[in-house]
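*Asks:* Curious how this folds, go ahead:
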Amino acid sequence: MFFVTSGNSAVFVLGMMSTGVNDNPSARVKFAWGVLISGIAISLLLACWPAGLRAQVGSDRDHRRRMPLVGVIVLMAIALWRGLREDHEEEKRRECALRRRVREFVDHTPPTP
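*Replies:* Just a heads-up that it's a prediction; the model follows:
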C-alpha cells in the first residue's frame, strides 16, 4: 500500500511541476507520468529480482545484470544535479529582480517633508 501511495503522490507532484505548478494537472499528464514511473519501477524490480532470489553475491553474471541499473542511477543523479542547478539559478534571478525593484522603488519615492 505504501508503494502505491508513494507512486500516486509522485505522479501528482510531477504532473504539477510539468504543467507549470498547476494545482490540478490534467488526467492525460498524470497518466503519462504514471506510465513512466511504472515503467521505471518495473524495470528496476526486474533488474534486481534475480539477484535478490539467489545468494550468489559477487558472480560476474550478477554484475553484468546490474550495469543497466547503474546507468539509470547515474542518469538520475545527473538529472537531479541539473534540476537543482536550474532551480538555484532561477532563485538567484528572482532575487536580483526583487532587489532591482526595491532599489527602483526607493529611488523613485518622493522625499518626506
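*Asks:* for the helix or strand of the chain with the lowest mean pLDDT, which positions count as buried?
*Replies:* One helix or strand of the chain scores below all others by mean pLDDT, DSSP states H and E: helix 27-53, with a mean of 78. In terms of neighbour count (16 or more other Cβ atoms under 10 Å), helix 27-53 has its buried residues at 29, 30, 32, 33, 34, 37, 47, 51. For glycine as for every other residue, the C-beta is placed from the backbone atoms N, C-alpha and C.
*Asks:* okay if I get the residues you listed as JSON lines plus distance to residue 7?
*Replies:* Output for the buried residues of helix 27-53, formatted as JSON lines (distance: Cβ to Cβ, whole Å):
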{"residue": "29", "distance to residue 7": "15"}
{"residue": "30", "distance to residue 7": "11"}
{"residue": "32", "distance to residue 7": "14"}
{"residue": "33", "distance to residue 7": "10"}
{"residue": "34", "distance to residue 7": "8"}
{"residue": "37", "distance to residue 7": "6"}
{"residue": "47", "distance to residue 7": "18"}
{"residue": "51", "distance to residue 7": "23"}
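*Asks:* following the least confident helix or strand of the chain, which helix or strand comes up?
*Replies:* Going down the chain from helix 27-53, the next helix or strand is helix 60-108, by DSSP states H and E.
*Asks:* which other helices and strands contact that following helix?
*Replies:* When contacts are defined as 3 or more Cβ pairs under 8 Å, 6 or more residues apart in numbering; DSSP states H and E, helix 60-108 packs onto helix 27-53.
*Asks:* Spatially central residue for this structure, please.
*Replies:* Closest residue to the average C-alpha location of the chain: residue 80 at 6.4 Å, with Cα atoms, centre = their mean.
*Asks:* one step back: and of the buried residues of helix 27-53, the nearest to residue 73?
*Replies:* residue 47 (10.5 Å; Cβ to Cβ).
*Asks:* and that closest one, how far is that from residue 29?
*Replies:* Distance, residue 47 to residue 29, using Cβ to Cβ, to the nearest Å: 27 Å.
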